[in-house]
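Colleague: Structural data only, the sequence is not supplied:
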């Protein structure tokens, strides 16, 4: 159950005062949409590939150029609380990692952050909206009292009691054990659709931390549709292709 | 089948004369209710996280603050038989560990106890009540004749013959092999409900060992309901969330 | 498929001239009944625990005192062919080991025997009785011509051709590779019942090797019933308890 | 999930300026047909065996002579863009590798290429043709801007966005992390048939890079049929044989 | 998927000029019958045990004497092409190894051969007879041109194209990688029956290589029946016994 995860640097960039945002495909694709928006709007450069035999056997194409399906993008920029950070890094993947991989992926990301001397990690995720709710709330949690207090000042509702499942849960408690500050922002959403509205809410909360963001809802909604379309389309092809390989090879082994 | 369990200290505390109580979610949630009661009533401080890739991928929230789903809480306090202990430590988890993990979890806990020079381990659990029984008996077992004799003096009925399943069984026989005194207290209960009455019986037995406990049944019953509600509610959300991750990722691997 | 088996000494005893008898729960519980009879009649002392994460997660209770579910008992005593042995050791378990564990369990037992300089190993087991048979025969096999000849002198029928399955097979051929003399005695029995009569036949054959045995059939039959009752009863409780743990924990992992 | 792949050299050949073409059995058998055509037309010599316990338990026969089911063939020859390469190597297998093996197979191939100082890797594969399409397009992708530009000059349509599944995806993004130039050529085809026409399209694209190729469609079509027949026939026998071994052995293990 | 195979010598014998014949239970039991015939007719001595936790948990009995279920027998004797070998060794097993074990078993056998400086390996197997065929052909394959030429001189039909499945395939291509000459002789047979006639054909082909063989068909047919009877009978008992162990133990683990 131990996954082998490597993070391979592809560009040199000082990250010793970086705010690192993590957005993976989860409920409502909220984390993915927000992470993709940050990368394209702020023109972040791909600086590292996350590589593992436990990821699906595939590469991702952009203008015919290949990259690993999980990556880190970054750029120098004043950001973070009180502008204390000098770089913004965004960690993302084009596939939802298997639950068996989440622990080792979290450990690998946190070790990379420590090695680069990243200042703070912020995880963006969706959270299933209570049925009665009519508007989209953003909830917060942190592994550190100071970060928790700041969430309150930012007007984010504390999650209170409960359970944080998946990457946000693992990154925050494993980060605590490593002495790394991790904050989680979870926007209410629904399971079925890519939810650009919910991602926009997350980006609004991030706004004071990343002053360069200009949240123009229209491109965001368009981007949500594009991401949804790409994911559905390419994953369908990947699924067909992988099913074909599996079928061809299965009769050869006793 | 070998689980990787780490215990990470989060606060320095001398435990060289500690009584360590272990209460995990089991039959009737008896061990959990009793452990939670001790932690909140005696205001024990979280001193260590138990961390493993073999635990469920989740963190637990208290007032928005994140912690690992298995933990050790402690405080300096006169306790134990004849007041010979100077600290009380309570080991607990917010999830029932898988059977495959129990052996390595037991080994890790016992090694931590030896390293900290803990004096004695006391495991609290439930035991299925015989159908004919009308009142709640507490049974005892130990890996050491002296501890067994003391149980008798405390009015605890010896379990006699039989089998101790799960953590209580493993901690006691692996503790014997490591030279660590382990006593088990098992209160009769039923499978279906969180049984605060049964947990109260365990705490009554513990009373002479931990003089500071004031067992007020009302908050205990209320706490039992709260624990039950939290466990059911958050585990349901966790289950939904994990099922969603699993479903999203399963098509990506051949 | 590699099991991790440790044998932890709990009492110092010279075994450099020991006859080691192995009786595990198998067909008709014959090996278990005979081993338990030897331990209780000859008042053998528990000298070692056999410990493994691949054993069921449980401890065994005797008068409220906990022990590991697989153990070695021994005492100094003149025994063996021509009284050449000075100690008798009996290896037993309270559970039938999984087939995947048998190889490594055999290797661990034989290594322990070599380290203690044990003279000879004798495995007691049941063998399914041919349907036509009316009386209970004891068959023998060995990994050594001298041991085989002695079996003949003891009036034991050689098994001739065939296969020895499970512990008796593994201990004898792995013992040959390690240069350790292993003899197997297999009493005919049926699958369904604990067969005290069959165990008594094995003990009769052992009689010249262990002069102190007084085989009084009555306590043996009573003991067979007790062993059967204990096994059934405690295994049922263990099964319920383990099923409960498994059910509670299964929803937590993706 | 870690596969053990070894590449064993069987002939010494300088490959320090080699173009390495990879053609494995995939959709439409396109990669296999093209690779086999290159090997037989250009009379490439077998120079290395790819060996793994994770490959099917079989050898391949040619004129009664045995070889491993995955191999590398090569010969000195002027090839590559602008004739900058001095050797052509072709990597192929007679079986479709399992998806679990693809990552480690890719890593092993790339490490071998680096060790031999191979200049460039070119992966040939099929791609499911859109239903509306009437002619066979060849699409390209690369892990390097220079290689991507060259594809354009060769008249190959860039794949644009999307996912590259299987060997082509893994070789290209893992190659990027190792600093090795990898280009992928994917010819449109259908799942059901060995598609010689599609393979011929790939070879046409390769033509300027391997001037010695004379693509005579007739032997190619014939060869496609032969390859299909051999694969079907021998895989059927292999399947029968392996099923027989599996059936015979399954009852022997508990 | 890595099996742990050890070959333990039990008698010292110079094998530095040995012809090693391999006959395992496969289609028609042809390899087994031929190997057993060579061992009994030529009175070969057991010189080594092949031992593995991945073999079925059983020993084999001959006149009450235990041995491992896979073994090597040998004797000094002039044999091989042109009488160039001075010893004959026969490798056999009493059970069909699982397909997962075949690779590591092949590696272990070939390493043993290299260490003993064995000259040549010859694998005997069955091959499913084409439906139209009326007589029993023996086909040959080799990993070496010289050995292949010699097969022709011996009148053995080359297998031409195709696939060699199982031990013969693995031993020959892994042998090539280790520089060891491996020849395979495959006699046509049917799946259902132990085929003494087919085994006799193999032995006829071997005749010039092992001059001491006197193929008297009658004992061979009788032996085929005996082998079949023993295999069926003892495997049935083993199966019952192993199923019993598995059933008894399965309820004990969560």
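Modeller: Structure received. As the structure is a prediction and not an experimental result, all values here were calculated from the model.

Colleague: Would you map the strands across the stretch 1-150 of chain A?
Modeller: Taking DSSP state E, counting those that start in this stretch, the strands of the stretch 1-150 of chain A run over residues A:6-9, A:18-23, A:45-51, A:58-62, A:65-67, A:70-79, A:85-93, A:120-128, A:138-142.

Colleague: Report the angle between the helix or strand harbouring residue A:240 and strand D:120-128.
Modeller: Residue A:240 is part of helix A:217-250, with elements assigned from DSSP states H and E. On the basis of axes from the mean of the first three to the mean of the last three CA atoms, to 10 degrees, helix A:217-250 is oriented at 90 degrees to strand D:120-128.

Colleague: which parts of chain A sit against chain C?
Modeller: Proximity of chain A to chain C is confined to A:98-100 under the rule CB under 8 Å from any CB of the partner chain. Every residue, glycine included, has its C-beta placed from N, CA and C.

Colleague: Next, format those as a markdown table and append distance to residue C:7, pLDDT and neighbour count.
Modeller: Below are those laid out as a markdown table (distance: CB to CB, whole Å; pLDDT from 0 to 100; neighbours: other CB atoms under 10 Å in any protein chain shown):
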| residue | distance to residue C:7 | pLDDT | neighbour count |
| --- | --- | --- | --- |
| A:98 | 38 | 89 | 20 |
| A:99 | 37 | 90 | 19 |
| A:100 | 34 | 90 | 19 |
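
Colleague: Which ones, among these, also lie beside chain B?
Modeller: Checked against chain B using CB under 8 Å from any CB, those yield the following neighbours: A:98-99.

Colleague: pLDDT below threshold where in chain A?
Modeller: Within chain A, the stretches with pLDDT under 70 are A:1-2, A:192, A:217, A:231, A:233-235, A:245, A:248-254.

Colleague: Quick check: the residue of it nearest chain C.
Modeller: In chain A, the residue found nearest to chain C is residue A:99; the distance is 2.9 Å by CB to the nearest CB.

Colleague: What distance do you get for that residue to residue A:26?
Modeller: Look at residue A:99 and residue A:26: by CB to CB, to the nearest Å, they are 12 Å apart.

Colleague: if we can go back for a sec, what is the nearest of the residues of chain A next to chain C to residue A:161?
Modeller: Each of the residues of chain A next to chain C was scored against residue A:161 by CB to CB, and residue A:99 proved nearest at 23.0 Å.

Colleague: I'd assumed residue B:55 was in contact with that closest one.
Modeller: No. Residue A:99 lies out of contact with residue B:55 (CB atoms under 8 Å); the separation is 11.7 Å.

Colleague: Does chain B have contacts with stretch A:131-149?
Modeller: Yes. Counting by CB under 8 Å from any CB, contacts between stretch A:131-149 and chain B involve A:140-145, A:148.

Colleague: what residues does that stretch touch?
Modeller: By CB atoms under 8 Å, 6 or more residues apart in numbering or on different chains, the surrounding residues in contact with stretch A:131-149 are A:120, A:127, A:129, A:151, A:154, A:156-159, A:164, A:168, A:172-173, A:175-176, A:181-189, A:197-198, A:201-202, A:205, B:61, B:63-67.

Colleague: Check these for burial and list the buried ones.
Modeller: A:120, A:127, A:129, A:151, A:154, A:156, A:158-159, A:164, A:168, A:172-173, A:175-176, A:181-189, A:197-198, A:201-202, A:205, B:61, B:64-67 (16 or more other CB atoms under 10 Å in any protein chain shown).

Colleague: among those, which are in helices?
Modeller: When DSSP state H is applied, the buried ones among the contacts of stretch A:131-149 are split such that A:151, A:168, A:172-173, A:175-176, A:197-198, A:201-202, A:205 fall in helices.

Colleague: Any chance of a markdown table for these, columns distance to residue A:86?
Modeller: Output for these, formatted as a markdown table (distance: CB to CB, whole Å):
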| residue | distance to residue A:86 |
| --- | --- |
| A:151 | 22 |
| A:168 | 25 |
| A:172 | 24 |
| A:173 | 27 |
| A:175 | 21 |
| A:176 | 24 |
| A:197 | 31 |
| A:198 | 29 |
| A:201 | 27 |
| A:202 | 22 |
| A:205 | 21 |
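
Colleague: can you narrow the residues you listed to ones near chain B?
Modeller: Checked against chain B using CB under 8 Å from any CB, these yield the following neighbours: A:151, A:168, A:172-173, A:176.

Colleague: Can you give me the neighbour number for the residue of the stretch 51-200 of chain A found nearest chain E?
Modeller: Nearest residue of the stretch 51-200 of chain A to chain E: residue A:53, at 14.5 Å (CB to the nearest CB). Neighbours of residue A:53 under the rule other CB atoms under 10 Å in any protein chain shown: 21.

Colleague: who in the stretch 101-250 of chain A is up against chain B?
Modeller: Of all the residues in the stretch 101-250 of chain A, those in contact range of chain B (CB under 8 Å from any CB) are A:102-104, A:128, A:140-145, A:148, A:151, A:158-170, A:172-174, A:176-177, A:182, A:184, A:191, A:235, A:238-239, A:242-243, A:245-246.

Colleague: which among the residues you listed end up buried?
Modeller: If you count burial by 16+ other CB under 10 Å, the buried members of these come out as A:102-104, A:128, A:140-144, A:148, A:151, A:158-159, A:162-170, A:172-174, A:176-177, A:182, A:184, A:191, A:235, A:238-239, A:242, A:245.

Colleague: Give the closest residue to residue A:83 in space, chain neighbours not counted.
Modeller: Excluding the flanking residues, the one nearest residue A:83 by CB to CB, 6 or more residues apart in numbering or on different chains is residue A:211, at 7.6 Å.

Colleague: measure stretch A:9-18 end to end?
Modeller: 16 Å (CA to CA, to the nearest Å).

Colleague: List the buried residues for stretch A:67-80?
Modeller: Those buried within stretch A:67-80 under the rule 16+ other CB under 10 Å are A:67-75, A:77, A:79-80.

Colleague: TSV please, covering these and showing distance to residue E:94.
Modeller: As requested, those are arranged in TSV below (distance: CB to CB, whole Å):
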residue	distance to residue E:94
A:67	55
A:68	50
A:69	49
A:70	50
A:71	55
A:72	57
A:73	61
A:74	63
A:75	68
A:77	72
A:79	71
A:80	71
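
Colleague: where's residue A:16 relative to residue A:116, distance?
Modeller: The value you get for residue A:16 to residue A:116, if CB to CB is used, is 7 Å.
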